[in-house]
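[1] Sequence and predicted structure are below.
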Amino acid sequence: MHLKIIALCLVGILALTGCTSKQASKKETTKPKTENLKGVAALVNSEKVMDEEVEHQLSKIEAQHKTEEEKEVFKKQKEEFRKSILEQLINDVLYEQNAEKLDIKVTEAEVEAKYEEAKNQFPDEASFNKALEDAQFTHEEMKEFYRMNLLIEKVNLRIIEDQVVSEEDANTYYEDNKHKFGEFMDKPWNELADNEKARAFGAVWVEDENNRATIKIL
């Protein structure tokens, strides 16, 4: 269980946003010539996603592949990991931008509560620190993971409240993509909790937002 917590942080919050590889085909790939874009992986409504952050996250996933067999698997899937990381970082920016528009915020107290909850699942602080070290993950990075996690949850719930996405569309997405919903994928739609349904609403919203936004892959 403890390693699963760290692994979840390493791969980001793909499950929360329903990120899919087909998004990339909808984005422009031409580079604007009006500014220096060296080191920029993508532009999301003019906001930059940096290559450095993509590679940073990729290195964390690589660190989890320790045996020779695992290293070979990573080597074969490296570009898929890189693509998924970039897509997730783009989705994170979209969530941040829309949270600002909606005046949705995550407090430091909320982040600390989630952080302590994860920390308390380890037998002691030394075990917790060792797990982070093995994953090449800092305390600050883990807190940022929980901040983003909470922000996405809040935006997803607002999407439901404001009826931005219909329940029919969210239900259809869930039924067609149950493999993305892990721990509750065997539940029928009408038995899902609100926070579980919110992930499906958010996934539909992310796909729509990717189509509406001005996104350039560089």
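    That came through, no problem. Numbering: from 1, shown residues only.
[2] Now do the buried residues in stretch 46-63.
    Using 16 or more other Cβ atoms under 10 Å as the test for burial, stretch 46-63 gives 48-49, 51, 53-54, 57-58, 60-62. From N, CA and C alone the C-beta is placed, and that goes for glycine too.
[3] So which of those sit within helices?
    51, 53-54, 57-58, 60-62 (DSSP state H).
[4] re earlier: turn the buried residues of stretch 46-63 into TSV, including pLDDT and distance to residue 97.
    Converted to TSV, these look like this (pLDDT from 0 to 100; distance: Cβ to Cβ, whole Å):
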residue	pLDDT	distance to residue 97
48	96	13
49	97	12
51	97	20
53	95	16
54	96	19
57	92	20
58	93	24
60	88	25
61	90	26
62	90	30
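[5] Which parts of this protein are strands?
    Applying DSSP state E to the chain gives strands spanning 40-44, 47-50, 215-217.
[6] Residue 59 - nearest residue in space that isn't next to it in sequence?
    residue 136 (6.9 Å; Cβ to Cβ, 6 or more residues apart in numbering).
[7] next one: residue 154
    residue 104 (5.0 Å).
[8] quick one, what contacts the one you found?
    Residue 104 is in contact with 151, 154-155, 158, counting by Cβ atoms under 8 Å, 6 or more residues apart in numbering.
[9] now those: which count as buried?
    151, 154-155, 158.
[10] Just the buried residues of the helix ranked longest in the chain, please?
    Secondary structure of the chain per DSSP H: the longest helix is helix 68-101. By 16+ other Cβ under 10 Å, the buried positions in helix 68-101 come out as 74, 81-96, 98-99.
[11] Just give the number of residues close to residue 160.
    Neighbour count for residue 160, taken as other Cβ atoms under 10 Å: 18.
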